[in-house]
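> fold the following and give me the result.
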Amino acid sequence: MTDHDSMKTLSLVKGQHQYCFRYEPGQESKVLDALVELVNQREHSFDWFDAAVLSHQLGQHLAKELKAYLPKKAA
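Residues are numbered from 1 along each chain as shown. This is a model prediction of the structure:
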């Protein structure tokens with residue numbers, strides 16, 4: 001069962017296209033795989049720069065989650 005409150009979202013608007021990825025924490029590698037797959041599909045204008053932007057967002061989400069585990073003084 002999925003807890004919708006824990007779902008994370010990555011989004012990118014490029015021209016008339018909007019790319020949105022929703023995932024649960026712990027599924028980041030699947031998101032990265034999906035970004036690579038989208039880049040490799042020639043019928044989309046999604047490129048490596050777009051994948052880098054979304055993977056940066058992914059990293060920011062991970063950093064925020066990890067910061068919650070640090071002691072208050074270290075944060």
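> which helix or strand contains the residue positioned nearest the centre of the chain?
Centroid-nearest residue in the chain: Leu58, 3.8 Å away (criterion: CA atoms, centre = their mean). Assigned by DSSP states H and E, Leu58 belongs to helix 48-69.
> that helix: which residues count as buried?
By neighbour count on 16 or more other CB atoms under 10 Å, the buried set for helix 48-69 is Asp50, Ala51, Leu54, Ser55, Gln57, Leu58, His61. (Each C-beta comes from the backbone N, C-alpha and C, glycine too.)
> state the distance from the residue nearest to the centre of the chain to Tyr23.
Leu58 sits at a distance of 9 Å from Tyr23 (criterion: CB to CB, to the nearest Å).
> list the residues that contact the residue nearest to the centre of the chain.
Residues near Leu58 by CB atoms under 8 Å, 6 or more residues apart in numbering: Leu10, Glu28, Val31, Leu32.
> from those residues, pick the one nearest Asn40.
Leu32 (12.9 Å; CB to CB).
> isn't the closest one right next to Leu54, touching?
No: when contacts are counted by CB atoms under 8 Å, Leu32 is not listed as touching Leu54 (9.1 Å).
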